[in-house]
Every structure is written in structure tokens, then in C-alpha cells.
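1. I'd like to go over a predicted model; first the sequence, then the structure.
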Amino acid sequence: MALKPLVAAAFALATLSANAGAAELVVSAAASLTNAFKDVAQSYEKAHPGAKVVLNFGASDVLLQQIVKGAPADVYASADQKAMDRAVQEKAVRPDSRVDFAANQIVLIVPADSTLPIASLQDLTRGEVKRVAYGNPASVPVGRYTQGALRAAGLWDAVQAKGVPAQNVRQSLDYVARGEVEAGFVFATDAAIMPDKVKVAVRVPSQTPVTYPIAVTARDANAAQAQEFVNYVLSPAGQAILARYGFQKP
């Protein structure tokens, strides 16, 4: 059974605190950055001998809760501006270090073997579509983007009635990949990592740009190294890695 968000956050906080050493750089990043940031971290370590990056992935809002409650994080990368706005309000990050580093797109995906005629958001109201996965708008950026798009199309209530809320975008992707739902909303970069299990049915216009901000946290211990990592993400080398995973420039 999946852990509830707050329980999962507490568990992750305890685990992260136990594993993070004083000389390690802890990067808390949105779940959709998992594959790309693993490569970015490896590349950063090669370019900075002796550096060790510890990665912590999850829903942007949950990661922020961890930081606010004392999790040892040096860099915070979220999947939307609202989560980072709250990080600034909570004084969890250094506002002057905040910068957008990537952009993405919301897509509606279906299982790769699906034969349902889904070619528009309106098709989600068809009787054959019983379950639709999307991130929880209360805590997951992809959910907020999805909710905004569906409200603009006048379909939020209809889709919500079939909704299967996910704790993060990768859980929504897994629901579709396993065929547990007829369709789901994810970022385009998430769909791209499972081309054999899911396919894009609709590219969804977003009411707000899907941009990713990154910032150095208020933690003093590794502030200089944290800024170096942010600079690396923004560098040609870091941007090239993100581009390989389908991320666009902000």
C-alpha cells in the first residue's frame, strides 16, 4: 500500500537526515527530473572531483515540506513557480539564487496498446473512459497544470469524477503504464521514458508556462557548492543533458 503524503514525507525526512553527510551536496528535485538529474549529478561530480551529490526526488510540495521541517537540502528544484513561491515565502531558499532552468509540456497519455479513440480532452468524457490519473492539484505541480487546462476546457468536473489522484507525476505515469487507468496526465518528458508502455494521445495547452525554477536553500553549510551546482545546471553541459531528456529552455 502506498504511503500517505505526510507519512511518506516524514519517512523521507528521517532517511535523508541519516544518509546525508556533512561534505555531501543534497539536491531535492521534482520527480519529473529524476532521470535527467541523475545524469546531471554524475556529470557534475566528474567536473568537480571530490564532490558527492545526494539526490532526493518527489512531489515539489512534499519536498518543500521536508526542507521546512529541517531536511538537509542544499538545492531545491521544483516543477512549477507556485511551489518555489512558497519556498521563498517560507524562507526555505535564497530568493536571489532563484532562476528558471527548464521548460516542459503537459500531455495526456494512454497505454501503448490502447485502442480507445482518445484524440482530444473532450474524449475523456466518453463512457469507455472509466479512470483518469493526474497529480493531486493540492500538492503536485503537474496536477495544478492539469486542473487549469481542464477548467479552461470546461471539463474539470467531468474528469475529476473519474479521477485517480497521484502523489507525484511518476505515479501517474505508472498507473497508465500498468493499464490501471485508461488515460493519465504527465509531463512530456515522463512519457518519453516509457515509449514501449505509453503513448501520447493529446498535447495539452497549458494556461501558464510549464517552467522549472531552481534555488539554493537557506542552509549555510554548503551554500557555495550549492550555487556551483545551480550554475552547472544552467551551463551548456547541464542544459545539453536536460535537452537529451526532452526538456526545453525556459
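-> Arrived safely, thanks for sending.
2. from what I can see residue 78 touches residue 63, true?
-> Yes - Residue 78 is within contact range of residue 63, at 7.4 Å (criterion: CB atoms under 8 Å). The C-beta positions use only the backbone N, C-alpha and C, and glycine is treated the same way.
3. Find residues that contact each of these two.
-> residue 30 (CB atoms under 8 Å, 6 or more residues apart in numbering).
4. all helices in this structure, in order from the N-terminus.
-> Remark: helices assigned in the chain by DSSP state H are 5-19, 34-47, 60-68, 81-89, 141-152, 156-160, 169-177, 188-192, 223-234, 236-244.
5. Contact partners for the closest residue in space to residue 204 that isn't next to it in sequence?
-> Leaving aside its chain neighbours, residue 204 sits nearest to residue 106 (4.2 Å; criterion: CB to CB, 6 or more residues apart in numbering). Going by CB under 8 Å, 6+ apart, residue 106 touches 142, 145, 146, 149, 185, 186, 187, 188, 203, 204, 206, 210.
6. Of those residues, just say which sits nearest to residue 175.
-> For the contacts of residue 106, the residue nearest residue 175 by CB to CB is residue 186; the value is 9.7 Å.
7. number of nearby residues for that closest one?
-> The tally of other residues near residue 186 (other CB atoms under 10 Å) stands at 32.
8. Residue 173 is in contact with that one, correct?
-> Yes - here residue 186 reaches residue 173: they are 4.9 Å apart, a contact under CB under 8 Å.
9. can you list residues touching both of the two?
-> In contact with both residue 186 and residue 173: residue 109, using CB under 8 Å, 6+ apart.
10. Quickly list what the nearest residue to residue 200 once chain neighbours are set aside is bridged to.
-> Excluding the flanking residues, the one nearest residue 200 by CB to CB, 6+ apart is residue 107, at 4.8 Å. Using DSSP bridges, the bridge partners assigned to residue 107 are residue 186, residue 203.
11. What is the burial count for residue 107?
-> Counted with other CB under 10 Å, the neighbours of residue 107 add up to 21.
12. which ones are touching residue 202?
-> Shown in contact with residue 202 (CB under 8 Å, 6+ apart): 107, 108, 118, 119, 120, 121.
13. Buried ones among those residues?
-> Among those, those classed as buried by 16 or more other CB atoms under 10 Å are 107, 108, 118, 121.
14. Surely residue 131 is in contact with residue 178?
-> No - if you go by CB under 8 Å, residue 131 and residue 178 don't touch, sitting 11.7 Å apart.
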